[in-house]
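Participant: Sequence first, predicted model second:
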Amino acid sequence: MSREPLLRLTSAGLYCSRGGFHIDPWSPVACAVITHAHGDHAVRSSRKYLAAASGKLILQHRMGPRAQIQPLAFGEKLNLDGVEVSLHPAGHILGSAQVRVEHKGEVWVVSGDYKVAPDSTCEAFEPVKCHTFITESTFGDPHYHWAPQSVTYAAIHDWWRENQSQGRASLLYAYSLGKAQRILAGLDPSLGPVYAHPNIEQMNELYRQSGVALTATRGWNDTSLITDWPRALILMPPASRWEKGLAFHGHYATAFASGWMVLPDEPGKRGVERGFALSDHADYGELLSAVAATTAERILVTHGYIEDFVATLKSRGYDASPHKTPRCKKPPVVVRT
């Protein structure tokens, strides 16, 4: 291992000085390697972007039509001033990637956000062997454990049917990029009509253009919503809870799809009646499995339960350290029972 770290934090973000590029910088740079298109990983106005080819349409939409984006196929190797860079599936959303960086036999992998559960709307997570692994820890606490997806989708369908029996529309809040499309792919369209908020429908269309099959959705302004209201499931982004002027046409039930819904009091905090624990991040056990699969000698932990997950890894014999950035937020306190 070399004395100077292959990647180091700078005022603009994680930087490889040998290769002259940043990974997920938080301010514009000359060359930005992007793990995925969520706003906390991709910012506008960098001179050049490198990203997974399957997510190019989404990233272009987010970064603007003038952004210079070089798409890379998963596993394709690119030499940047003697540093070999390649992207590997992270399983988070469409086009999400882990960044593998190699120089003179030393290998680092930056995971970005990832999940290991199967998902028909994006490429499956691929473990990548390395010497240093930078992992997220969004749900790096033993309290977080996801039920099988089939169980969660069955619960969503049962909730939808129950609402229909009471003549209520089903308003399901889900993040516009990634989560909403995953839900759509798992819905049974025979149960009733599905509508989508414009912000979600915009992402749906980009997924469809990228070759992902999704359940058909109807536009927010479709006049049939008035008639369909008692049977409809309506996908909405979380922020739309506070939008003014949304014309609802009768009684409705509300729910939120998020990993945070594992916490029993979280639905009430989010202002909804029901929660479904469906996450696009790995749960605690999956994080540990993903770390083990890398066979890494050193683990840097970011974004989530950093200190707790570092302590867990150390107790298991890993050389683990915190990797805190300005984007790291304090996670919720888990009440032990």
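Facilitator: Alright, I've got the coordinates.

Participant: just checking, what packs against the longest helix seen in the chain?
Facilitator: The longest helix of the chain (DSSP state H) is helix 149-165. Counting contacts by 3 or more C-beta pairs under 8 Å, 6 or more residues apart in numbering; DSSP states H and E, the secondary-structure elements packed against helix 149-165 are strand 169-173, helix 179-186, strand 252-257, strand 274-276. The way it works is simple: take the backbone N, C-alpha and C, and place the C-beta from them, glycine included.

Participant: who's in contact with the residue of the chain most remote from its centre?
Facilitator: The C-alpha centroid of the chain is most remote from Thr227, which lies 34.4 Å away (C-alpha atoms, centre = their mean). Residues in contact with Thr227 (C-beta atoms under 8 Å, 6 or more residues apart in numbering): none are found.

Participant: What separation is there between it and Gly317?
Facilitator: 62 Å (C-beta to C-beta, to the nearest Å).

Participant: And for Ala32?
Facilitator: Summarising the geometry, the distance separating Ala32 from Gly317, computed by C-beta to C-beta, is 35 Å.

Participant: So the two - more neighbours on which side?
Facilitator: Neighbour totals were compared for Ala32 and Gly317, and Ala32 leads with 27 against 7 (other C-beta atoms under 10 Å).

Participant: Which secondary structure state is assigned to the more buried one?
Facilitator: When classified by DSSP: H, G, I helix; E, B strand; the rest coil, Ala32 comes out as strand.

Participant: I figured it hits Trp26, correct?
Facilitator: No. Checked against C-beta atoms under 8 Å, the pair Ala32 and Trp26 is beyond contact range at 10.1 Å.

Participant: which parts of stretch 167-181 are buried?
Facilitator: For stretch 167-181, a neighbour-count test (16 or more other C-beta atoms under 10 Å) marks 168-181 as buried.

Participant: repeat for stretch 86-95
Facilitator: Buried residues in stretch 86-95, defined by neighbour count with 16+ other C-beta under 10 Å: Ser86, Leu87, His88, Pro89, Ala90, Gly91, His92, Ile93, Leu94, Gly95.

Participant: go on, stretch 258-265?
Facilitator: Ser258, Gly259, Trp260, Met261, Val262, Leu263.

Participant: Could you do stretch 282-297 as well?
Facilitator: Along stretch 282-297, these residues count as buried under the neighbour rule (16+ other C-beta under 10 Å): Ala282, Asp283, Tyr284, Glu286, Leu287, Leu288, Ala290, Val291, Thr294, Ala296.

Participant: which SS state does the first one fall under?
Facilitator: What three-state DSSP gives for Ala282 is coil.

Participant: ditto for the fifth one
Facilitator: Reducing the assignment at Leu287 to three states with three-state DSSP gives helix.

Participant: List the residues that contact the nearest residue to it once chain neighbours are set aside.
Facilitator: By the measure of C-beta to C-beta, 6 or more residues apart in numbering, the closest residue to Leu287 outside its immediate chain neighbours is Gly140, 5.6 Å from it. For Gly140, the residues meeting the contact criterion (C-beta under 8 Å, 6+ apart) are Tyr284, Leu287, Val301, Gly304, Tyr305, Ile306, Asp308, Phe309, Thr312.

Participant: What of Cys16?
Facilitator: Residues touching Cys16, when contacts are defined by C-beta under 8 Å, 6+ apart, comprise Leu6, Leu7, His22, Ile23, Leu80, Val83, Val101.

Participant: Please convert these to TSV, extending it with distance to Thr132.
Facilitator: Supplementary listing: the contacts of Cys16 in TSV, determined by distance: C-beta to C-beta, whole Å:
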residue	distance to Thr132
Leu6	7
Leu7	8
His22	17
Ile23	13
Leu80	18
Val83	14
Val101	9
